[in-house]
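1. prediction below, plus the sequence it came from.
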Amino acid sequence: MDHTSDPGAMRYVIDPGRLDLVEEFRASPLGVHSPELRKLLARMRWGRPEGRLVLIVLEPGKAWRLSRIPKRRGDPMPFVDDRVFTSLAEAEWHVFKLRWQDMTGTTLPAEVFGDL
Amino acid sequence: MIYRTNEYLGYPDRISVPAGEAVSFQLSSKQPSVKVEVLRLRCGDVDANGPGFKYEVMTSPIDGEHACLDQPIRPGSNAVVDHDGALVPTGGHWCFGAYVYPTRIVDNAKAVMGNWCERSARGYALELDEEGHPVLVLGQANGTPARFALDVKLRPRVWAFVSCALDLAQGSASVSLIVPADGVRPAAACSKSFALPQVAAFDSGLPFLIAAHHLNGDRQYTSHFDGKIEAPRVFSCPLEAEALRVFDGRQRTGASDVGLVAFWDFSNGISSTSIRDLSPNGLHGNLRQLPRRGVTGFHWSGSVHDWRMSPQEYAAIHFHGDDIYDCEWQTTCTLDVPAHWRSGVYALRLTRGGDDPDRDCESYVTFFVTPGKTSRRADLVVVASVATYLAYANSALRLYQVHFETLMEHVLWLPQDDVFMQENPEIGQSTYDCHVDGSGRAYSSWLRPILNMRPRGYWFNLINDTHILDWLEEKGIAYDLITDVELDRQGARALAPYRVMMTPTHPEYYSLNMMNAIMAYQNAGGRHISMGGNAFYWRCGFHPAAPAALEVRRGMAGTRTWESEPGEVHLAGTGEPGSLWRHSGFAPQKLVGVGFSAMINDTCGYYLRTAESEDTRVAFIFEGTGRHDKFGDFGFRYNGAVGSEIDRYDLELGTPPHALRIATSEGLGAGALPTPEEFRTVVDGLDGTQNALVRADMVFFETAHGGAVFATGSITYGMSLGHNNYDNNISTITLNVVNRFLDPRPFIMPARA
């Protein structure tokens, strides 16, 4: 299998202690990031599509809601919660926190974690 | 307002229609009726931050409500052979079998060959069950199917010969599997005998099928085979499985094979959609829903990669349960396009009619009106990139690709059309996607709903292109519109009436005729404004026997989401090699001076003028702008005129030596990454922060007989035109180019050219 197709092609291991990278992302979810944060994000964004968090566009440029890619083609694709995002930066930050928790098995400090 | 865009779906019978001619629309909905209006689009982009959704409502004879059927899509390819009973087992013996290479063994039984009908439970067939066991299925007088399964399984992606033998006199049958040796695996064979039911019902009264069962008697099919089938054969005499396998099907004059009922040689007519029986019975058949031909067969030696050189090595057909060429819906309404309508991008707007219209429900079917016989031609023509729209039609990249979120560098934003595609995969995906068996999709047709070629759909390609139309309208520049399908079918004749042609944001997929048409036009004094990026990149073709379908073979290079299986680079339809034009000796640089260099996954850039831009030959381009301006450090959606996919100048790849590189990109970063054919060895320093080849170049050159070419080398260029109410330096230089190109004064090629 080639790199583009292999869900396991990203080697980076996320260090749960690197709260500096969390702060860097939080400060600018859509900005230009440091090389270390780029590695972390590439790892977070890579993998098998099934189960991946995605934003469904409710209104172009205005409103988005979270969903997940289902396991099989043809399966329904419900929203994961009631939250409506009106800013892409806010949505990026939210997904970052969910993935951090999922991939490191650790919870971020309460003041960072916010209202997940 | 949150719109529901898929309550009505539809497609036109022809993608482009000359004014004065008719186009039919096939629509489907669960609603009993649909309100139809016809729009001529100026800007199809509904994004609140863009130029706005702009269109003209055209009065037409089809305006108003129409009764609407709920029309299903039934994907899946197979062969159908009408046989008048010749393929119903009779007499004492009946043997049949084929080479198979299953690519997906799950879920449900997959038919190999027979006339079995699920509804009536009559007929006979050879199939693979849910786990890959070969099974003989027979109808019985009591109406229940009899199933005889071999207790060994086929493996996915391994060639095997499966067969059945019926001894009707003795009331017995056998099912056999022969797996020839391959790699480290030795040959294997297995067979099992069964007693036949006392009264079998072999005759479903229906055609013989390869790669599907009949669902019912209404020419609907089920249990489509995923994988390759080669050389199916039927005999009416006793034959051991190995004898049936090694039967030599090659025809010799004056010689016939005892007991041969049918032998379908798929190496015959690879570029067609018919299959040929080499037996004296002439039981020829037809293929449905465009399975893939020109694929390697059991006998592929690896010594040829072009099926035309040795068709016998390409005697297989790859069938898919999710192949879809034509939805075959009934026509809802037919529009006689008035002869006086302007050419352009048109769309049916479909809404709920009645007394209580649902304002949230709004859907579109896009089509293109081209100049008719009596149309007065403008001097400039925009060539819409229909082949590219098809290549991306119903792209599910955001749903199913491992790499795609990392590539886009943000959480993926899925339009609700993507949700619809996930929940309704029968609509068929794009040539970027894979079939359900994991093999790449080689075909995409317009005879099915295309969700991302509509207003309110995903913006890449068509909607982005309408930003250029919006700018032309804003600047009062008269233009006609044709599509690249006209270039494919009519060649340079389609361009001959025009002084200037313009290709839009992303004309990526080009057939041989399209490429040659533009080259001939340019060399005959035509002027070409190439507004986009990643242009003229893939060598592809429309299928001669299925002309609404584009065929793409990815090859083994280029920016690609799948690649061709070994030996399967050549198009089935035309035989020519697919893959990149660069690898067919016609890199985009040879046509327009620049060719694909990189994808921009993060921040877009802008252009700065080069020293060459001070040449008096190009002084007209920069009038009204500053020597050291940043050109396009702005733009809608992408925030920069250099972005998405970008092209560069390269003399070795064919940029004409007299071409001037008048501007080049600045501001690209770590998310600007080269396309794979731009490097031969992976080293550090390939990204835009270090790699000098990761850039967009703006070029100009003169052609013979007074023509010229201007190329921007960037997809996002067009989305900068409308910035600051169309008053910006990208708009200025584009207008300068358009005005000079419209001026009949000839361009003069420099002597050193």
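-> Right, received. Where do you want to start? Predicted model, so just to flag it, every value in this text is computed and none were measured.

2. which sections of chain A are below the confidence cut-off?
-> A:115-116 (pLDDT under 70).

3. now do the helices in it.
-> A:19-27, A:35-45, A:88-104, A:110-113 (DSSP state H).

4. quick one: name the residues of the stretch 301-450 of chain B near chain A.
-> With Cβ under 8 Å from any Cβ of the partner chain as the criterion, the stretch 301-450 of chain B meets chain A at residues B:398-406, B:409-416, B:418-419, B:422-425, B:436. Where C-beta positions appear, they are placed from N, C-alpha and C, glycine not excepted.

5. looking at the helices of chain A, which is nearest to B:V258?
-> In terms of Cβ to Cβ, the element of the helices of chain A nearest to B:V258 is helix A:35-45, at 63.8 Å.

6. just the ones of the residues of the stretch 301-450 of chain B next to chain A in strands?
-> Using DSSP state E, the subset of those located in strands is B:W413, B:L414, B:P415.

7. now the residues you listed in CSV, with distance to B:G578?
-> Below are these laid out as CSV (distance: Cβ to Cβ, whole Å):
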residue, distance to B:G578
B:W413, 31
B:L414, 29
B:P415, 29
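
8. any idea how far chain A is from the residue lying closest to B:P544 once chain neighbours are set aside?
-> Excluding its sequence neighbours, the residue lying closest to B:P544 (Cβ to Cβ, 6 or more residues apart in numbering or on different chains) is B:G573, at 5.5 Å. Per Cβ to the nearest Cβ, to the nearest Å, B:G573 is found 27 Å from chain A.

9. cool, and B:E563?
-> 8 Å.

10. then B:P311?
-> Taking Cβ to the nearest Cβ, one finds B:P311 at 30 Å from chain A.

11. ok, now B:R122?
-> Counting by Cβ to the nearest Cβ - B:R122 and chain A are separated by 30 Å.

12. could I get the contacting residues of that residue?
-> B:W116, B:G139, B:A201, B:F202, B:D203, B:S204, B:G205 (Cβ atoms under 8 Å, 6 or more residues apart in numbering or on different chains).

13. list only buried entries from those.
-> Buried members of the contacts of B:R122, scored by 16 or more other Cβ atoms under 10 Å in any protein chain shown, are B:W116, B:G139, B:A201, B:F202, B:D203, B:S204.

14. pick the one among those closest to A:R11.
-> Set against A:R11, the nearest of these by Cβ to Cβ is B:W116 (50.3 Å).

15. chain neighbours aside, what residue packs nearest to that closest one?
-> Take B:W116 and drop its neighbours on the chain: the residue closest to it by Cβ to Cβ, 6+ apart is B:A125, 3.6 Å away.

16. how's chain B carved up into domains?
-> The record assigns chain B these domain ranges, following automatic domain parsing: B:8-73+B:329-374, B:78-319, B:381-392+B:461-742.

17. nearest to A:K97, out of these?
-> The nearest among the domains of chain B, by Cβ to Cβ, is domain B:381-392+B:461-742 at 21.7 Å.

18. ends of the closest one, what's the gap?
-> Across its full length, domain B:381-392+B:461-742 reaches 11 Å between end residues, using Cα to Cα, to the nearest Å.

19. and if you look at stretch B:611-621?
-> 14 Å.

20. please apply the same query to stretch B:131-147.
-> End-to-end distance for stretch B:131-147, by Cα to Cα: 14 Å.

21. quick one: residues in contact with it.
-> B:102, B:105, B:109, B:114, B:116, B:120-129, B:148-156, B:162, B:164, B:173, B:175-177, B:194, B:196-202, B:204.
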